[in-house]
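>>> next one to model:
(one chain, ligands or ions: 1)
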Amino acid sequence: MSNELLVVRDLEKSFQVGRGVEFKAIDKVSFSIARGKTLGLVGESGCGKTTIGRTVVRLYQADGGQVLFQDMDVHRVTRKQAHELTKRMQMIFQDPYSSLNPRMTVGDIIGEGLDIHKLYNGRKARNERIYELLEMVGLNREHAGRFPHEFSGGQRQRVGIARALAVEPEFIVCDEAISALDVSIQAQIINLLMDLQDELGLTYLFIAHDLSMVRHISDDIAVMYLGNLVEKAETDTLYTKPLHPYTQGLLEAVPTPDPIYEKQREKILLTGDVKSFKGERKGCVFASRCKYAADLCQEVKPELREIEPAHFAACHRIEELNGASRRR
Ligand code: SF4
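Coordinates of the predicted model:
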């Protein structure tokens with residue numbers, strides 16, 4: 001039996017950007033995540049990764065393709081199944097400052113999911129469960145009566161995690177969950193998420209805009225550019241042998257703690273902005289910023305294909321640039 005909890009197949013999502021023009025935010029994206037594992041989804045702002053997270057958990061309706069959560073086709077479910085999915089799939093948002101209702105106590109923010117899904121028997125049991133959740137995320141029961149503004153950024157993100165955990169989900173989308181935090185706090189939140197994964201068997205889609213922190217939490221990493229996956233591999237492989245020019249550029253942008261190496265290394269810096277694509281597009285999505293772009297790249301879109309076992313990339317010149325052998 002397959003151990004995949006989530007399977008995304010050829011997912012498509014577009015948005016109207018005025019005067020009948022469509023912006024394709026996700027263009028036939030496919031990936032899967034095994035139960036208890038983490039897929040890191042990485043790419044610069046505007047590449048569509050948040051749209052993927054939101055479409056996977058049904059906050060957006062898909063325009064094409066499928067999201068399978070175990071046996072359920074997420075975008076073709078009954079009302080009862082949709083309600084069940086709000087319990088089984090949760091999301092932790094980017095900004096702990098704006099994602100918590102400032103007028104609600106932390107206890108009530110965490111208790112909301114318990115109320116919606118009727119997950120307690122009596123007031124006392126509700127409070128005990130809230131205290132338990134606060135302690136699971138490194139806070140304490142005294143925090144239940146306080147308001148979000150009384151907490152630091154890291155503490156607020158812990159509240160966001162407790163809120164997600166309240167309904168005992170199997171799968172959580174962490175949407176830039178650490179981006180708004182200081183680096184030292186980022187590490188604490190990553191460690192907390194990893195401990196919770198071990199304890200509760202959680203499966204994560206971990207969305208981030210750079211490759212600096214995702215390594216620690218991800219089993220596999222998918223790199224995204226303008227609505228398309230351009231590379232996908234097991235985490236260590238992606239860091240030690242990146243194949244796609246965009247991934248190589250992202251990795252070069254990650255600072256290292258060694259100042260001498262930092263000074264000496266040759267950076268493949270990403271230049272130019274992410275070009276916005278409206279309407280029809282042809283050729284490689286990365287062609288406008290790629291120093292290796294050839295005529296073919298402007299005309300024909302490269303498919304995401306398996307270059308080495310379990311290592312996929314979408315580039316016409318991968319073998320030539322990396323000396324890898326073509327498998328198919
Ligand atoms: Fe660069 Fe061409 Fe490869 Fe795209 S297909 S990444 S433009 S070399």
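>>> that's a helix at residue 9, yeah?
No - counting by DSSP: H, G, I helix; E, B strand; the rest coil, residue 9 falls outside a helix, being strand.
>>> how many neighbouring residues does it have?
Using other Cβ atoms under 10 Å, residue 9 is surrounded by 14 other residues. From N, CA and C alone the C-beta is placed, and that goes for glycine too.
>>> so it versus the ligand, what's the distance?
Distance of residue 9 to the ligand, given as Cβ to the nearest ligand atom, to the nearest Å: 23 Å.
>>> who touches that residue in this structure?
30, 65, 66, 67, 68 (Cβ atoms under 8 Å, 6 or more residues apart in numbering).
>>> restricted to buried residues, select those residues in ChimeraX.
Under the burial definition 16 or more other Cβ atoms under 10 Å, those of those that qualify are selected in ChimeraX by:
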select :30,65,67,68
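>>> between the contacts of residue 9, which is closest to the ligand?
For the contacts of residue 9, the closest approach to the ligand (Cβ to the nearest ligand atom) belongs to residue 30, at 18.7 Å.
>>> just to revisit the earlier point, which ones among the contacts of residue 9 are found in strands?
30, 65, 66, 67, 68 (DSSP state E).
>>> mind giving me CSV with the contacts of residue 9 and columns for distance to residue 312 and pLDDT?
Formatted as CSV, those follow (distance: Cβ to Cβ, whole Å; pLDDT from 0 to 100):
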residue, distance to residue 312, pLDDT
30, 10, 98
65, 17, 97
66, 19, 97
67, 19, 98
68, 19, 97
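>>> how about the contacts of residue 9 in JSON lines, adding distance to the ligand?
Formatted as JSON lines, these follow (distance: Cβ to the nearest ligand atom, whole Å):
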{"residue": "30", "distance to the ligand": "19"}
{"residue": "65", "distance to the ligand": "23"}
{"residue": "66", "distance to the ligand": "27"}
{"residue": "67", "distance to the ligand": "27"}
{"residue": "68", "distance to the ligand": "30"}
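>>> next SSE downstream of the lowest-mean-pLDDT helix or strand in the chain?
For the chain, the helix or strand with the lowest mean confidence is helix 259-264, at a mean of 54 (criterion: mean pLDDT, DSSP states H and E). Later in the chain than helix 259-264, the nearest helix or strand by DSSP states H and E is helix 295-299.
>>> packing partners for that following helix?
Applying 3 or more Cβ pairs under 8 Å, 6 or more residues apart in numbering; DSSP states H and E, one finds that helix 295-299 makes contact with no other helix or strand.
>>> can you name the next helix or strand after it?
Helix 295-299 is succeeded, C-terminally, by strand 305-308 (DSSP H and E).
>>> from the stretch 1-150 of the chain, which residue is nearest to the ligand?
residue 43 (14.0 Å).
>>> backbone phi and psi for the residue of the stretch 101-250 of the chain found nearest the ligand, please?
In the stretch 101-250 of the chain, no residue comes nearer to the ligand than residue 245, which is 4.7 Å away by Cβ to the nearest ligand atom. Here is the backbone geometry of residue 245 (degrees, to the nearest 10): phi -60, psi -30.
>>> who are the contact partners of it?
268, 286, 290, 291, 292, 315, 321.
>>> now that we have those, which one has the most neighbours?
If you count neighbours using other Cβ under 10 Å, the busiest of the contacts of residue 245 is residue 315, which has 26 neighbours.
>>> residues in contact with that one?
230, 243, 244, 245, 284, 286, 302, 321.
>>> which of those lies closest to residue 47?
When these are ranked by distance to residue 47 (Cβ to Cβ), residue 230 comes first, at 9.6 Å.
>>> so that closest one is in which element?
strand 228-234.
>>> which residues are in contact with that strand?
27-31, 219-224, 238, 242-244, 246-247, 285-286, 304, 310-315.
>>> could you check how far the residue of the stretch 101-250 of the chain closest to the ligand is from residue 320?
Distance of residue 245 to residue 320, given as Cβ to Cβ, to the nearest Å: 12 Å.
>>> so what sits against both of those two?
By Cβ under 8 Å, 6+ apart, no residue touches both residue 245 and residue 320.
>>> ok so residue 12 is a strand residue?
Yes - assessed with three-state DSSP, residue 12 lies in a strand.
>>> what are the ranges of the strands in the stretch 51-200 of the chain?
64-69, 72-73, 89-92, 171-175 (DSSP state E, counting those that start in this stretch).
>>> export those to CSV and tack on distance to residue 13?
Shown next, in CSV, are the strands of the stretch 51-200 of the chain (distance: least, Cβ to Cβ, whole Å):
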stretch, distance to residue 13
strand 64-69, 8
strand 72-73, 16
strand 89-92, 16
strand 171-175, 15
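>>> which other helices and strands does the following helix or strand past the strand holding residue 230 contact?
Going down the chain from strand 228-234, the next helix or strand is helix 235-240, by DSSP H and E. Counting contacts by 3+ Cβ pairs under 8 Å, 6+ apart, helix 235-240 packs against helix 214-217, strand 220-225.
>>> pLDDT of helix 235-240, averaged?
Averaging pLDDT along helix 235-240 gives 96.
>>> would you mark the buried spots in the helix or strand just after it?
Later in the chain than helix 235-240, the nearest helix or strand by DSSP H and E is helix 245-252. By neighbour count on 16+ other Cβ under 10 Å, the buried set for helix 245-252 is 245, 246, 247, 248, 249, 250, 251.
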